[in-house]
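Undergrad: Sequence first, then the predicted structure, then my questions.
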Amino acid sequence: MAADGSQFAFTPEVEAETLPAWEKVKRHVTPMEWRAHAPLIAEINRLKREKNAVILAHNYMTPEIFHGVGDYVGDSLGLAKEAAKSDAAVIVQAGVHFMAETSKILSPEKRVLIPDLRAGCSLASSITGADVRLIKQRYPGLPVVTYVNTTADVKAETDICCTSANAVQVVEEAARLWGVDKVVLIPDEFLARNVARQTDIGIIAWKGRCEVHERFTAEDILEIKAAYPGAEVLAHPECPAEVLEVSDFAGSTAAMNDYVLQRKPKRVVLITECSMADNVAADAHGTEFVRPCNLCPHMKRISLENIYEALLHDRHEVTVDPAIAERARLAVQRMIDLPPPARPARYDLVKARHHVDVELI
Ligand code: 13P
Ligand code: SF4
């Protein structure tokens, strides 16, 4: 029988143990829902201790996962770094498959589990290792920078990885190391276009898209601004450039979180996946969140129920061919080893640099 929490009771002990998480989520989760979530949260946390496991939870996880069972929470870059540092025996990736592969690449000796093998990503499925080999034949001598939202096969063909938090820095570093003025940046066309507006390095891009962020339009943003006066608009760089042009700030999910917590805007709109606002709002009292909402169907495959099942039955184990993992590790490690950027990748210069063209493969 699949776990739905109903086999565990909401006892006074469970209530007390999960109180800190409840305090975080109570503005977004009803007491009725919490009585169902809390016993599973307590059980998952018990299993983690028993199995020496940690849960790496992406910012797009629902609040009960993010605040209830996540040991490390953050953006793709932060989670990759935590995977490399962790000395747990088991990593449960509360995120999508490419993230679990990245954890396995960085921690080959650990057992890496993903609660649902179908948790994919439209960017990761837009390109294969064979595509990258053809790109390298077509552009010999140019470094290939690959977004971490890719499979291990693609990373293995890559010179250096990047995330939305460091893409500008990685592109500039790759150009410097290779002694060239152009780099290949794949597979997200919009990230590539947004990076191109931040640097003088020429960009060759691929036509991959994030199915969540590509749906936002400049009209959506202008409408929201008109309906909610004074709202500060924060957009993810996987959005089209026209969206960033009418936004007030752009950055990775962690950068958006930091923006809200540090600048404490009165009203804010996060142009990204739905759960992000719920998770940031837990610590941002005094900020009103306007919530346009595009769900990532892949991230939403992860639930408390299947996290519990993953820990209980040690499933689904994510493996990467060791030869591929070794080559992919070089590309990810090169990124992790970069010094902290001199200027944060905030993409908020976009308005100053219109119409910087990229070459699409
Ligand atoms: P970051 O968390 O790195 O900003 O990436 C967002 C994303 O879409 C991951 O799938
Ligand atoms: Fe992939 Fe977009 Fe979902 Fe992130 S939000 S996992 S980039 S489809």
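TA: Sure, I can see it. Ligands and ions are numbered 1, 2, ... in the order given.
Undergrad: Could you pull up the residues touching the closest residue to residue 118 other than its chain neighbours?
TA: Closest residue in space to residue 118, ignoring its immediate chain neighbours: residue 301 at 5.7 Å, by CB to CB, 6 or more residues apart in numbering. (Glycine included, C-beta is placed from N, CA and C.) Counting by CB atoms under 8 Å, 6 or more residues apart in numbering, residue 301 makes contact with 115, 116, 118, 119.
Undergrad: now swap in residue 11 and tell me
TA: Counted by CB under 8 Å, 6+ apart, residue 11 has contacts residue 39.
Undergrad: go with 10 Å
TA: Counting by CB atoms under 10 Å, 6 or more residues apart in numbering, residue 11 touches 17, 38, 39, 42.
Undergrad: Is the third one in contact with residue 64, as I believe?
TA: Spelled out, it's residue 39. No - applying CB atoms under 10 Å, one finds residue 39 not in contact with residue 64, separated by 11.6 Å.
Undergrad: The two: who's more crowded?
TA: Remark: of residue 39 and residue 64, residue 64 carries more neighbours, 26 against 23, as counted by other CB atoms under 10 Å.
Undergrad: could you check the distance from residue 152 over to ligand 2?
TA: Here residue 152 is placed at a distance of 16 Å from ligand 2 (CB to the nearest ligand atom, to the nearest Å).
Undergrad: Also residue 180?
TA: Using CB to the nearest ligand atom, one obtains 28 Å as the distance from residue 180 to ligand 2.
Undergrad: before we move on, what about residue 275?
TA: For residue 275, the distance to ligand 2 - CB to the nearest ligand atom - is 10 Å.
Undergrad: on that earlier part again, in helices, which of the contacts of residue 11 fall?
TA: 17, 38, 39, 42 (DSSP state H).
Undergrad: Switch those residues over to a markdown table; also include distance to ligand 1 and pLDDT.
TA: Formatted as a markdown table, the ones in helices among the contacts of residue 11 follow (distance: CB to the nearest ligand atom, whole Å; pLDDT from 0 to 100):
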| residue | distance to ligand 1 | pLDDT |
| --- | --- | --- |
| 17 | 29 | 96 |
| 38 | 27 | 97 |
| 39 | 30 | 97 |
| 42 | 28 | 97 |
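Undergrad: top of those by neighbour count?
TA: Compared across the ones in helices among the contacts of residue 11, residue 38 has the highest neighbour count, 26 neighbours, by other CB under 10 Å.
Undergrad: So for that residue, what's the nearest residue that isn't a sequence neighbour?
TA: Among residues not flanking residue 38 along the chain, residue 18 sits closest, at 4.3 Å (CB to CB, 6+ apart).
Undergrad: from what I can see residue 70 touches residue 57, true?
TA: Yes - in terms of CB under 10 Å, residue 70 counts as a neighbour of residue 57; the distance is 3.1 Å.
Undergrad: More neighbours: these two, which one.
TA: Counted by other CB under 10 Å, residue 70 and residue 57 do not tie: residue 57 has more neighbours, with 26 against 23.
Undergrad: Next, work out how far apart that one and residue 71 are.
TA: 8 Å (CB to CB, to the nearest Å).
Undergrad: residues shared between the contacts of those two?
TA: Common contacts of residue 57 and residue 71, defined by CB under 10 Å, 6+ apart, comprise 92, 94.
Undergrad: Close to ligand 2: what parts of the protein are there?
TA: 96, 121-123, 149, 210-212, 238, 273, 296, 298-299 (CB under 6 Å from any ligand atom).
Undergrad: Now a ChimeraX select for only the buried ones of the residues you listed.
TA: Here is the ChimeraX command that picks out the buried ones among these, judged by 16 or more other CB atoms under 10 Å:
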select :96,121,122,123,149,210,211,212,238,273,296,298,299
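Undergrad: Among the residues of the chain next to ligand 2, which one lies nearest to residue 329?
TA: residue 149 (17.2 Å; CB to CB).
Undergrad: secondary structure element for that closest one?
TA: Under DSSP states H and E, no helix or strand contains residue 149.
Undergrad: which residues does the residue nearest to it when sequence neighbours are not counted contact?
TA: In this structure, residue 149 finds its nearest non-sequential neighbour in residue 123, 4.1 Å apart by CB to CB, 6+ apart. Residues near residue 123 by CB under 10 Å, 6+ apart: 96, 98, 147-150, 186-191, 206, 208-211, 213, 238.
Undergrad: All set, thanks.
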